[in-house]
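In: Let me see the structure of the following:
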Amino acid sequence: MGDDIPLAAFIGLLVVLLLLSAFFSGSETALMSLNRYKLRHKVRAGHRGAKLADKLLQRPDRLLGLILLGNNAVNISASALVGVVSVRLGGELGFAIGTAGLTLVILIFAETAPKTLAALHPERVAFPAAYIYVPLLKLLYPLVWMTNLMANGVLFLLGLRKGNAEGNALSREELRTVVNEAGAHISQKYRQMLTNILDLEKVTVDDVMVPHNEIVGIDLDDDIEDIARLIQHCEHTRLPVYRDNIDKVIGLLHLRRLANLTSRSGFAKDDLEGLLVEPYFVPEGTPLSTQLVQFQKRRQRIALIVDEYGDIQGIVTLEDILEEIVGEFTTDPAADDEDIIRESEGTFLVNGTANIREMNRVMNWHLPTDGAKTLNGLILEYLETIPEPGTGLEVEGYPIEIVEAQDNRVQLARIYLNDTAETTG
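Out: I've put the predicted structure just below:
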């Protein structure tokens with residue numbers, strides 16, 4: 001059979017079949033390797049090839065059925081064709097050699113090479129292929145439908161359902177991996193900002209608040225001269241106003257509203273009370289992501305943190321949350337942070353009330369933040385006693401020496417940097 005057909009025609013047809021096999025194999029890998037998020041971006045941008053590819057991938061069972069149907073058809077045809085040519089040229093021995101040769105050719109030129117190319121450049125292969133598959137699927141739909149019906153029937157018997165497949169939604173940790181793997185597409189600065197946003201839910205207002213004993217406010221029981229002096233030298237624009245102690249807050253004062261009063265002869269305490277706005281209280285343990293939304297919803301910039309008994313624990317501001325995202329606004333952290341003083345290269349004096357997360361962010365340190373909030377609390381947590389000056393300990397690779405301790409807490413400590421502890425200062 002086929003003795004009247006020229007050998008060149010057989011070889012030409014075989015080459016065409018191998019090219020078709022390579023097309024089916026490569027396009028399958030390309031379509032399945034497409035980044036779904038990049039694909040959706042191109043679809044929204046109006047890319048025609050991306051729209052067709054996305055349409056095909058919405059029903060992967062039909063797409064795979066079409067590809068496998070075509071691939072198997074051309075591979076079987078190529079095998080039959082080689083069998084005919086091999087028998088004509090060399091009989092049974094020629095058939096064996098031809099079969100082995102075809103297997104090697106298909107493996108290299110119709111499988112491995114096109115699939116590798118498609119995996120490296122999926123969009124360059126998948127989008128042009130989509131122009132062919134969409135009309136081809138319509139043409140061969142009855143055959144593809146029948147094939148998929150039988151295949152899905154087998155899967156049904158095995159207990160597999162379409163609804164069992166996992167969605168494409170990313171978890172927070174998976175999204176973090178996507179951001180970190182973005183490489184040169186996103187600068188290191190913006191990658192860090194994006195991961196900081198993802199971390200907002202893990203961080204609470206307690207971690208970034210100004211603690212109770214460091215709150216700067218106006219005590220209406222003080223003399224008016226002392227109040228005016230505090231306002232004059234204050235670095236903050238909003239201050240809590242209280243009587244006797246900070247737990248008895250009666251309102252918040254925006255110093256800008258005080259400008260009209262100070263431009264005249266002076267002001268009285270009653271004038272201050274008339275400018276106060278109602279204080280905004282939030283419970284301790286509130287995630288920063290929640291608090292950021294609440295600040296936006298209530299159009300507030302400062303909140304007082306209270307515990308379960310209603311006692312004030314500290315203050316959190318919108319700026320504190322923004323710094324968790326974008327980092328410090330200063331350029332020389334060791335010089336600008338009054339809680340951290342550089343003694344020498346690799347040696348720092350740190351106030352015991354310094355917030356650990358703030359220290360880590362400013363100095364690029366890695367002290368543990370899953371327990372105590374301040375350096376004093378961290379030291380007491382590790383030693384389980386109030387240490388004497390000169391006591392030393394090591395926390396996560398950071399040697400710490402107690403310099404000053406009084407009033408039942410560590411006032412000042414010296415932190416040494418070794419090979420495992422680095423700083424940006």
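
In: C-alpha from now on. contacts and neighbour counts both.
Out: Will do.

In: For residue 369, what are phi and psi?
Out: phi -120, psi 10 (degrees, to the nearest 10).

In: which residues does it contact?
Out: With contact taken as Cα atoms under 8 Å, 6 or more residues apart in numbering, residue 369 is in contact with 356-357.

In: And it, how far from residue 310?
Out: Taking Cα to Cα, to the nearest Å as the measure, residue 369 falls 25 Å from residue 310.

In: now do residue 391
Out: Distance of residue 391 to residue 310, computed by Cα to Cα: 37 Å.

In: Could you do residue 323 as well?
Out: Counting by Cα to Cα - residue 323 and residue 310 are separated by 27 Å.

In: right, and the helix or strand after the lowest-mean-pLDDT helix or strand in the chain?
Out: Ranked by mean pLDDT, DSSP states H and E, the helix or strand of the chain with the weakest confidence is helix 333-336, at a mean of 46. Counting by DSSP states H and E, the element after helix 333-336 in chain order, helix or strand, is strand 340-344.

In: How about the secondary structure of the most centrally placed residue in the chain?
Out: Centroid check for the chain by Cα atoms, centre = their mean gives residue 176 as the closest residue, at 2.8 Å. State at residue 176, reduced to three classes by DSSP: H, G, I helix; E, B strand; the rest coil: helix.

In: Spit out the contact partners of it.
Out: Applying Cα under 8 Å, 6+ apart, we find residue 176 in contact with 195, 198.

In: rerun at 7 Å
Out: Contacts for residue 176 (Cα atoms under 7 Å, 6 or more residues apart in numbering) come out as residue 195.

In: go on, residue 106?
Out: Residue 106 touches nothing, counting by Cα under 7 Å, 6+ apart.

In: how near is it to residue 28?
Out: According to Cα to Cα, residue 106 and residue 28 sit 16 Å apart.

In: So which residues of the stretch 201-350 of the chain form helices?
Out: Assigned helices in the stretch 201-350 of the chain, in chain order: 205-208, 224-233, 259-262, 269-274, 288-298, 318-326, 333-336 (criterion: DSSP state H, counting those that start in this stretch).

In: Could you list the low-pLDDT ranges of the stretch 51-200 of the chain?
Out: 90-92, 161-169, 183-184 (pLDDT under 70).

In: So what's the residue count around residue 307?
Out: 13 (other Cα atoms under 10 Å).

In: How about residue 185?
Out: 9.

In: Residue 30 contacts residue 128, doesn't it?
Out: No. Using Cα atoms under 7 Å as the test, residue 30 is too far from residue 128 to be in contact (10.6 Å).

In: if you count what's nearby, which of the two comes out ahead?
Out: residue 30 (26 against 16).

In: Secondary structure element holding the more buried one?
Out: helix 7-33.

In: So which bits of that helix are buried?
Out: 10, 14, 17-33 (16 or more other Cα atoms under 10 Å).

In: Could you give the average pLDDT over that helix?
Out: Averaging pLDDT along helix 7-33 gives 89.

In: I'd like the next helix or strand past that helix.
Out: Immediately after helix 7-33, counting by DSSP H and E, sits helix 36-44.

In: who does that next one touch, helix- and strand-wise?
Out: With contacts taken as 3 or more Cα pairs under 7 Å, 6 or more residues apart in numbering; DSSP states H and E, helix 36-44 sits against helix 48-57.

In: quick one, the helix it packs on and helix 36-44 angle?
Out: Helix 48-57 runs at 120 degrees relative to helix 36-44, counting by axes from the mean of the first three to the mean of the last three Cα atoms, to 10 degrees.

In: ok, residues contacting helix 48-57?
Out: For helix 48-57, the external contacting residues (Cα under 7 Å, 6+ apart) are 39, 42-43, 63, 127-128, 130-131.

In: Next, find the distance separating residue 351 from residue 412.
Out: Applying Cα to Cα, the value for residue 351 to residue 412 is 5 Å.

In: same deal with residue 359?
Out: 14 Å.

In: what do you get for residue 382?
Out: The value you get for residue 382 to residue 412, if Cα to Cα is used, is 16 Å.
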